[in-house]
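K.L.:
With the input below, show me the fold.
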Amino acid sequence: MKNPLLILVTCSILAIPNVLLAEQLSQPLIQGAMKECHDGRVAHDRSSKVGHFEKGQALGEQAVALDDRSAEAHFSLFCNLGELLRIDGEVSITSVMGFRRMTKELDRTLELAPDHLDALSAKGTFLLRLPSLLGGDRENGEKLLRYVLLKSPQSVNARLSLAKSYCANGRHNEAISLASEALNLAQAQRLDDFTPEAEKVLALLQANSPKVN
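P.N.:
Below is the predicted model:
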């Protein structure tokens with residue numbers, strides 16, 4: 001009679017090469033998907049943006065199909081799905097199915113990698129922007145973003161999201177300080193996908209800041 005434990009161990013050993021192969025095959029797809037997400041952000045016309053994000057979505061879907069347990073694969077798909085939803089500005093929830101799919105990929109990323117800082121930054125941003133009826137939570141959103149900044153002081157996106165939230169709560173000086181830091185970091189790191197947004201946010205905060213006589 002065959003030993004069940006021996007069979008289990010043998011099957012596990014045989015499965016290892018397939019797992020490693022999936023990881024190896026998914027890496028170029030993940031890198032390609034993230035590149036398309038970046039290139040779409042810096043593209044100047046709408047059609048080019050859509051083209052990059054749709055290509056990135058396809059690559060992300062292939063990566064997830066190859067390696068469903070890869071947090072980076074799910075995040076690369078989330079990145080492109082999210083940018084497609086905000087192609088004309090802030091994330092739109094008018095496409096309910098698209099929004100649900102995007103949040104599903106974000107949640108799956110954090111399920112696989114709870115300390116994934118980019119995903120935590122995105123989660124915190126959504127908690128700030130969504131109304132409470134749709135799961136928004138300003139307090140927890142700010143808490144997540146502060147955690148990201150604690151772990152990654154160079155984070156630009158977390159600073160910008162936190163700056164907007166502080167401004168909405170009347171903490172104008174802190175908001176402007178965060179946005180200014182974000183712009184300096186984006187320029188220093190040559191983040192061409194975040195620098196224009198940082199400039200826009202800082203200018204908006206400065207324009208809306210109460211004038212002191």
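
K.L.:
From here on, just use CA atoms for contacts and neighbour counts.
P.N.:
Will do.

K.L.:
Check which element follows the one helix or strand in the chain whose mean pLDDT sits lowest along the chain.
P.N.:
Per-element confidence for the chain was summarised using mean pLDDT, DSSP states H and E. The lowest value among helices and strands belongs to helix 4-42, with a mean of 71. Downstream of helix 4-42, the first helix or strand assigned by DSSP states H and E is helix 46-66.

K.L.:
I'd like the distance from the helix or strand that comes right after that next one to the chain centre, please.
P.N.:
Following the chain from helix 46-66 toward its C-terminal end, the next helix or strand by DSSP H and E is helix 71-85. What separates the centre of helix 71-85 from the centre of its chain is 7 Å, taken as C-alpha atoms, centre = their mean, to the nearest Å.

K.L.:
tell me the mean pLDDT for helix 71-85?
P.N.:
For helix 71-85, mean pLDDT rounds to 95.

K.L.:
elements contacting that helix?
P.N.:
Contacting helix 71-85 under the criterion 3 or more C-alpha pairs under 8 Å, 6 or more residues apart in numbering; DSSP states H and E are the following elements: helix 4-42, helix 46-66, helix 96-112.

K.L.:
try 10 Å this time
P.N.:
Where contact means 3 or more C-alpha pairs under 10 Å, 6 or more residues apart in numbering; DSSP states H and E, helix 71-85 is packed against helix 4-42, helix 46-66, helix 96-112, helix 117-129.

K.L.:
JSON lines for these, including mean neighbour count and distance to His74?
P.N.:
Shown next, in JSON lines, are these (neighbours: other C-alpha atoms under 10 Å; distance: least, C-alpha to C-alpha, whole Å):
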{"stretch": "helix 4-42", "mean neighbour count": "16", "distance to His74": "9"}
{"stretch": "helix 46-66", "mean neighbour count": "21", "distance to His74": "6"}
{"stretch": "helix 96-112", "mean neighbour count": "17", "distance to His74": "5"}
{"stretch": "helix 117-129", "mean neighbour count": "22", "distance to His74": "10"}
